[in-house]
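Colleague: Okay, here's the prediction I keep looking at, along with the sequence it came from:
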Amino acid sequence: MQHDCVQPLNYCAHAIEDLKSWSAQLRYTAPQTAHVMLRVIELLRTSVKFILPNQCNLVARRPPEFE
């Protein structure tokens with residue numbers, strides 16, 4: 001899909017929901033794993049979010065003179 005509008009997507013929100021659910025399920029059978037998931041949730045909540053432009057390259061291609 002090509003368009004000029006940037007669509008802000010927040011994948012962290014969905015990840016947090018899933019991790020909370022899994023953490024609750026693992027609370028008694030794998031308490032350390034559940035604790036780690038809660039820590040990851042906290043890191044996701046406090047992380048810096050940014051929006052990339054559509055069809056953005058994170059790494060610039062090598063200039064032709066270097067090939």
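Modeller: Here it is on my side, so go on. Numbers count the residues shown, from 1 in each chain.

Colleague: Show me what the lowest-mean-pLDDT helix or strand in the chain is packed against.
Modeller: In the chain, the helix or strand scored least confidently by mean pLDDT, DSSP states H and E is helix 11-26, which has a mean of 94. Helix 11-26 sits against helix 31-46, with contacts defined as 3 or more CB pairs under 8 Å, 6 or more residues apart in numbering; DSSP states H and E. All C-beta spots, glycine's among them, are computed from the backbone N, C-alpha and C.

Colleague: Between helix 11-26 and the helix it packs on, find me the angle.
Modeller: Using axes from the mean of the first three to the mean of the last three CA atoms, to 10 degrees, one finds that helix 31-46 and helix 11-26 are set 160 degrees apart in direction.

Colleague: Could you pull out the buried residues of helix 31-46?
Modeller: Ala34, Met37, Ile41 (16 or more other CB atoms under 10 Å).

Colleague: The second one reaches Ala24, doesn't it?
Modeller: Right, the one you point to is Met37. No: counting by CB atoms under 8 Å, Ala24 is not a contact partner of Met37; they are 9.3 Å apart.

Colleague: quick one: the least confident helix or strand of the chain to chain centroid distance?
Modeller: 12 Å (CA atoms, centre = their mean, to the nearest Å).

Colleague: try stretch 19-31
Modeller: 20 Å.

Colleague: what's it in contact with?
Modeller: Thr33, Ala34, Met37, Leu38, Val40, Ile41, Leu44 (CB atoms under 8 Å, 6 or more residues apart in numbering).

Colleague: chain center to stretch 17-37: distance?
Modeller: With CA atoms, centre = their mean, you get 18 Å for stretch 17-37.

Colleague: Averaged pLDDT, stretch 31-47. What do you get?
Modeller: Taken as a whole, stretch 31-47 has a mean pLDDT of 96.

Colleague: got the CA coordinates for it in CSV?
Modeller: Below are the C-alpha coordinates for stretch 31-47, written out as CSV (Å, rounded to 0.1, in the frame of the first residue of the first chain):
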residue,chain,number,x,y,z
PRO,A,31,7.1,-17.2,38.8
GLN,A,32,10.5,-16.0,37.7
THR,A,33,9.4,-16.0,34.0
ALA,A,34,6.2,-14.1,35.1
HIS,A,35,8.4,-11.6,37.0
VAL,A,36,10.6,-11.0,33.9
MET,A,37,7.5,-10.5,31.8
LEU,A,38,6.3,-7.8,34.2
ARG,A,39,9.7,-6.1,33.9
VAL,A,40,9.5,-6.2,30.1
ILE,A,41,6.0,-4.6,30.4
GLU,A,42,7.5,-1.8,32.4
LEU,A,43,10.3,-1.3,29.9
LEU,A,44,7.8,-1.2,27.1
ARG,A,45,5.6,1.4,28.9
THR,A,46,8.5,3.7,29.5
SER,A,47,10.2,3.3,26.2
